[in-house]
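> Generate coordinates for the sequence data below:
(one chain, ligands or ions: 1)
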Amino acid sequence: MTATLLDGKATAAEIKDELRIRVKALAERGITPGLGTVLVGADPGSQAYVNGKHRDCAEVGIASIRRELPADATQQQVDDVLAELNADPACHGYIVQLPLPAHLDTQRVLELIDPDKDADGLHPVNLGRLVLGYDGPLPCTPRGIVELLRRHDVALRGATVAVVGRGNTVGRPLGLLLTRRSENATVTLCHTGTLDLASHTRAADIVIVAAGVPGLLTADMINPGAVVVDVGITRVIGADGKGRYTGDVDPEVAETAGALVPMPGGVGPMTRAMLLTNVVERAERG
Ligand SMILES: Nc1nc2c(c(=O)[nH]1)N[C@@H](CN(C=O)c1ccc(C(=O)N[C@@H](CCC(=O)O)C(=O)O)cc1)CN2
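Numbering: from 1, shown residues only. Next up, the predicted model:
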């Protein structure tokens, strides 16, 4: 391996240390930040992610508010839980774990979250604020990627960035974030309709892959020395019959890239750290 690994786990640990200090300062003002989670169903992956979020809360001193509904919960039951969290003064921000069971209306659910309590930054009002360059909670994965690159001195100003994937949680908001005046990167947003994907990734200083296609980015598709960020996390069943997670970046990319944000240990821990950050910021605003 020639690429320098940009360690999201270690950086997330640093951020949690910083948050612990901010949470103590809030305690002196009589404020305990509270994060709510809404989990519908018993998908083991989603359960593990929600458990992780509450472990993180305990580590930094954020209060946890858990709401769990069965997989066959009605839309009305979900709506009622959101109304309850919107009205709860102890809950500074909350998330609805995605994906939701297919019978529920995800767009409606995201729109029912009070935009001021939207810890994931996925409410249309907050995505609109991002489009317009106004302040608001930022989506956790894009924010985590920018923060990880910043803390490792990867220059964004003037850099050309190929983002692969146009989803609403990562690719699309990431393109908006990177092109803000404060970041000033030049972004090409690639997607399944892009012709000759490799011509775009080869031309980029930084390649960020959030397509959900295991091994999509291969070593011949990058400029030697490029910075590569693997956002993919797909559960696959190995030859041994056991499930494991795999990223969008082929392992051989590490021989050609200058720096690599790996999966695991890269974007995932940063996503979790940014969720905590969004809640603490909301509590600090009062
Ligand atoms: N409401 C939301 N739902 C979902 C989001 C989200 O940001 N908000 N993102 C994903 C799941 N997710 C957080 O919810 C998440 C996924 C993975 C990781 C992570 O740390 N992964 C590890 C590797 C996997 C593992 O070992 O378990 C890593 O990258 O090192 C954190 C959060 C979909 N749903």
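> Give me the pLDDT value at whatever residue of the stretch 151-286 of the chain ends up closest to the ligand.
With C-beta to the nearest ligand atom, the shortest gap between the stretch 151-286 of the chain and the ligand falls at residue 268, namely 2.2 Å. C-beta here means a position set from N, CA and C on the backbone, and glycine is covered the same way. At residue 268, the model reports a pLDDT of 97.
> Which helix or strand contains it?
helix 267-285 (DSSP states H and E).
> Mind exporting the C-alpha coordinates of that helix to PDB?
Only the C-alpha atoms of helix 267-285 are listed here, as PDB (Å, rounded to 0.1, in the frame of the first residue of the first chain):
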ATOM      1  CA  VAL A 267     -16.600   8.100   6.700                       C
ATOM      2  CA  GLY A 268     -18.800   6.100   9.000                       C
ATOM      3  CA  PRO A 269     -17.300   7.200  12.300                       C
ATOM      4  CA  MET A 270     -17.200  10.800  11.000                       C
ATOM      5  CA  THR A 271     -20.900  10.600  10.200                       C
ATOM      6  CA  ARG A 272     -21.600   9.600  13.800                       C
ATOM      7  CA  ALA A 273     -19.400  12.400  15.100                       C
ATOM      8  CA  MET A 274     -21.200  15.000  13.000                       C
ATOM      9  CA  LEU A 275     -24.600  13.800  14.300                       C
ATOM     10  CA  LEU A 276     -23.400  14.600  17.800                       C
ATOM     11  CA  THR A 277     -22.000  17.900  16.600                       C
ATOM     12  CA  ASN A 278     -25.300  18.900  15.100                       C
ATOM     13  CA  VAL A 279     -27.100  18.200  18.400                       C
ATOM     14  CA  VAL A 280     -24.600  20.100  20.500                       C
ATOM     15  CA  GLU A 281     -24.700  23.100  18.200                       C
ATOM     16  CA  ARG A 282     -28.500  23.100  18.400                       C
ATOM     17  CA  ALA A 283     -28.400  23.000  22.200                       C
ATOM     18  CA  GLU A 284     -25.800  25.800  22.300                       C
ATOM     19  CA  ARG A 285     -28.200  28.000  20.200                       C
END
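> quick one: buried residues of it?
Buried residues in helix 267-285, counted by 16 or more other C-beta atoms under 10 Å: 267-283.
> Contacts only, for the residue of the stretch 151-286 of the chain closest to the ligand.
Residue 268 sits next to 8, 233 when contact means C-beta atoms under 8 Å, 6 or more residues apart in numbering.
> Pull the distance from the longest helix that the chain contains to the chain's centre.
When the chain is parsed with DSSP state H, its longest helix is helix 8-28. Centroid separation for helix 8-28 versus its chain: 18 Å, with C-alpha atoms, centre = their mean, to the nearest Å.
> Keeping just the C-alphas, turn that helix into PDB.
Extracted as PDB, the C-alpha positions of helix 8-28 are listed here (Å, rounded to 0.1, in the frame of the first residue of the first chain):
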ATOM      1  CA  GLY A   8     -11.900   8.600  10.400                       C
ATOM      2  CA  LYS A   9     -12.000   6.700  13.600                       C
ATOM      3  CA  ALA A  10      -9.200   8.600  15.200                       C
ATOM      4  CA  THR A  11     -10.500  11.900  13.900                       C
ATOM      5  CA  ALA A  12     -14.000  11.100  15.200                       C
ATOM      6  CA  ALA A  13     -12.400  10.400  18.600                       C
ATOM      7  CA  GLU A  14     -10.800  13.800  18.600                       C
ATOM      8  CA  ILE A  15     -14.100  15.500  17.800                       C
ATOM      9  CA  LYS A  16     -15.800  13.600  20.600                       C
ATOM     10  CA  ASP A  17     -13.100  14.800  23.000                       C
ATOM     11  CA  GLU A  18     -13.900  18.400  21.900                       C
ATOM     12  CA  LEU A  19     -17.700  17.800  22.200                       C
ATOM     13  CA  ARG A  20     -17.300  16.500  25.800                       C
ATOM     14  CA  ILE A  21     -15.800  19.900  26.700                       C
ATOM     15  CA  ARG A  22     -18.700  21.800  25.000                       C
ATOM     16  CA  VAL A  23     -21.300  19.500  26.700                       C
ATOM     17  CA  LYS A  24     -19.700  20.300  30.100                       C
ATOM     18  CA  ALA A  25     -20.000  24.100  29.300                       C
ATOM     19  CA  LEU A  26     -23.600  23.600  28.500                       C
ATOM     20  CA  ALA A  27     -24.200  21.700  31.800                       C
ATOM     21  CA  GLU A  28     -22.900  24.800  33.600                       C
END
